[in-house]
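J.: Only the shape, not the letters, is given here:
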């Protein structure tokens, strides 16, 4: 009996030593670790330090910057006056008064000094008192002399090679293979207006003011409909006074 009790006590002692209780049942001091940790940072090897020092000591690379130079203004050859122009221009300059046919927004206006011009539109960006220089003209003259620009280029026909290969039949009629007959291209066939050289004359105008017409109401309706649409319009006009019309002198340069 005593031997069996001793065996049971010994067995319970061994089982209690082998199994430990869970950590949440232990006191908080048991969870503390007694291992020491160094707080000094890990230093890199000496080879990396020397390499970084050499890179910092080296001067930064020079960046070659090329400045974009502005293109020089084109140089034009001096105008060569024809013998007739050289002979008759002084006579035209001496005979006054002068007139000029100036073009404003593509429309011609026959003007003399002191005229008042009422443009059929409101010119943007101008105010009363501004001085405008009219540099496009097709005629400049006096009572006996008239200065005209050179003749416009003739109407050009588009080449046949642009539409295919030109072949010739046995009967001598030329045709274009792979395309139709040459036709007129609008921007080529249209006769262009040539203007006088702006270095020959001076035409200045002063902006007097802006006028507006009374309000106009137009009624529009369609057949067999009762709805009437009323359209309101009120136009504005720019008034110019021609201040100066003259030819430039022989030694006078362009302004």
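T.: Nice, I can see it. These figures come from a predicted structure and were not determined experimentally. Numbers count the residues shown, from 1 in each chain.

J.: Quick check: closest non-adjacent residue to residue 231.
T.: residue 218 (4.7 Å; CB to CB, 6 or more residues apart in numbering). Every residue, glycine included, has its C-beta placed from N, CA and C.

J.: which SSE is that neighbour in?
T.: According to DSSP states H and E, residue 218 maps onto strand 216-221.

J.: Can you list the strands that that strand pairs with?
T.: Applying DSSP bridges, strand 216-221 is found paired with strand 228-233 (antiparallel).

J.: who's in contact with the strand it pairs with?
T.: Here strand 228-233 makes contact (CB atoms under 8 Å, 6 or more residues apart in numbering) with 215-221.

J.: so which of the residues you listed comes closest to residue 115?
T.: Checking the contacts of strand 228-233 against residue 115 with CB to CB, the nearest one is residue 216 at 27.5 Å.

J.: could you check the distance from the residue lying closest to that closest one once chain neighbours are set aside over to residue 215?
T.: Once flanking residues are discounted, residue 216 sits nearest to residue 233: 5.1 Å by CB to CB, 6+ apart. Distance, residue 233 to residue 215, by CB to CB, to the nearest Å: 8 Å.

J.: repeat for residue 142
T.: Shown here: residue 142 relative to residue 215, a distance of 44 Å by CB to CB.

J.: out of these two, which sits in the busier spot?
T.: Neighbour totals were compared for residue 142 and residue 215, and residue 142 leads with 17 against 9 (other CB atoms under 10 Å).

J.: Might you list the low-confidence residue ranges for this structure?
T.: Scanning the chain for pLDDT under 70 picks out the ranges 1-10, 12-81, 152-191, 251-255.

J.: Please parse it into its domains.
T.: The chain breaks down into these domains under automatic domain parsing: 83-152+193-211+239-247, 157-192.

J.: now those in JSON lines, with distance to residue 228?
T.: JSON lines is the format used below for those (distance: least, CB to CB, whole Å):
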{"stretch": "domain 83-152+193-211+239-247", "distance to residue 228": "29"}
{"stretch": "domain 157-192", "distance to residue 228": "41"}
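
J.: can you tell me the helix or strand for residue 84?
T.: If you go by DSSP H and E, residue 84 is part of helix 83-94.

J.: From the contact counts, what lies against the very next helix or strand once past that helix?
T.: Using DSSP H and E, the helix or strand that follows helix 83-94 in sequence is strand 99-104. Packing partners of strand 99-104 (3 or more CB pairs under 8 Å, 6 or more residues apart in numbering; DSSP states H and E): strand 107-111, strand 137-141, strand 201-212.

J.: Who does strand 99-104 pair with, and is each partner parallel or antiparallel?
T.: If you go by DSSP bridges, strand 99-104 pairs up with strand 107-111 (antiparallel), strand 137-141 (antiparallel).

J.: Nearest to residue 97 among the ones you listed would be which one?
T.: strand 137-141 (10.4 Å).

J.: what comes into contact with that closest one?
T.: 92, 98-103, 108, 110, 146-149, 193-196, 200-201, 203, 247.

J.: what about the helices in the chain?
T.: All helices of the chain, identified by DSSP state H, fall at 2-18, 46-57, 83-94, 186-189.

J.: How about the contacts made by residue 111?
T.: Going by CB under 8 Å, 6+ apart, residue 111 touches 99-102, 117, 203, 242, 245.

J.: how many other residues sit next to residue 228?
T.: As a burial measure, residue 228 scores 9 neighbours (other CB under 10 Å).

J.: any idea how far it lies from residue 217?
T.: Distance, residue 228 to residue 217, using CB to CB: 11 Å.

J.: picking that back up, quick one, which of the strands paired with strand 99-104 is packed in tightest?
T.: Among the strands paired with strand 99-104, strand 137-141 has the highest mean neighbour count (mean count of other CB atoms under 10 Å), at a mean of 18.
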